[in-house]
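> need coordinates for the following:
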Amino acid sequence: MGKPAAILAVILSITGCAGLGSHNRTGFKEISPAQVRELLKSQAPPVIIDVRTPEEFTGELGHIAGARLIPLPILSDSLLALSALKDNTLIIVCRSGRRSAIAAEMLAKEGFKDINNLKGGMISWTKRQ
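Below you'll find the predicted structure:
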């Protein structure tokens with residue numbers, strides 16, 4: 001491996017960009033809208049946690065039916081109330097997937113087991129309906 005390739009490999013491993021699409025270094029998975037739809041049909045559907053603002057939740061992109069609104073700025077204050085869900089499958093949602101990735105990482109660090117970030121967020125979800 002040449003020097004530029006080695007440097008790129010180090011940068012990708014540090015930033016967590018290597019291996020996106022499955023488990024990443026932070027303990028959560030990226031999941032597609034199609035995969036979420038399949039999980040929602042299962043006998044034990046996942047818990048959907050939407051970390052957008054209340055205005056976004058009711059805004060033009062709407063929200064996934066049954067989603068719990070817990071805006072990212074208050075998620076850390078809600079961890080005790082969410083602790084009963086540590087063993088549940090969680091789908092974390094925001095507008096584009098960035099805030100939900102932050103929330104997913106926070107939940108993973110708190111010991112939540114099966115955390116999934118909706119890849120592309122509600123933008124992706126509404127495009128595939």
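> C-terminal to the lowest-mean-pLDDT helix or strand in the chain, what's the next element?
Averaged element by element with mean pLDDT, DSSP states H and E, the chain has its least confident helix or strand at helix 3-15 (a mean of 41). For helix 3-15, the following helix or strand on the C-terminal side (DSSP states H and E) is strand 29-31.
> how about residues contacting the helix or strand that that next one is followed by?
Downstream of strand 29-31, the first helix or strand assigned by DSSP H and E is helix 33-40. Residues outside helix 33-40 that contact it (Cβ atoms under 8 Å, 6 or more residues apart in numbering): 31, 45-46, 64, 89, 91, 116, 118-120, 124-125, 127-128. From N, CA and C alone the C-beta is placed, and that goes for glycine too.
> name the member of those with the most neighbours.
Leu118 (27 neighbours; other Cβ atoms under 10 Å).
> can you pull up the bridge partners for it?
Counting by DSSP bridges, Leu118 forms beta bridges with Ile31.
> name the element Ile92 belongs to?
Element membership of Ile92, judged by DSSP H and E, is strand 89-93.
> what's the local residue count around the nearest residue to Ala101 once chain neighbours are set aside?
Ranked by Cβ to Cβ, 6 or more residues apart in numbering and with sequence neighbours excluded, the top spatial neighbour of Ala101 is Asn117, at 5.1 Å. Neighbour count of Asn117, defined by other Cβ under 10 Å: 27.
> for Gly62, what are its contacts?
Met122, Thr126.
> list the contacts of the spatially most central residue of the chain.
Closest residue to the average C-alpha location of the chain: Asn117 at 2.0 Å, with Cα atoms, centre = their mean. By Cβ under 8 Å, 6+ apart, the contact set of Asn117 is Phe28, Lys29, Glu30, Ile31, Ile91, Ile92, Gly97, Ser100, Ala101, Ala104.
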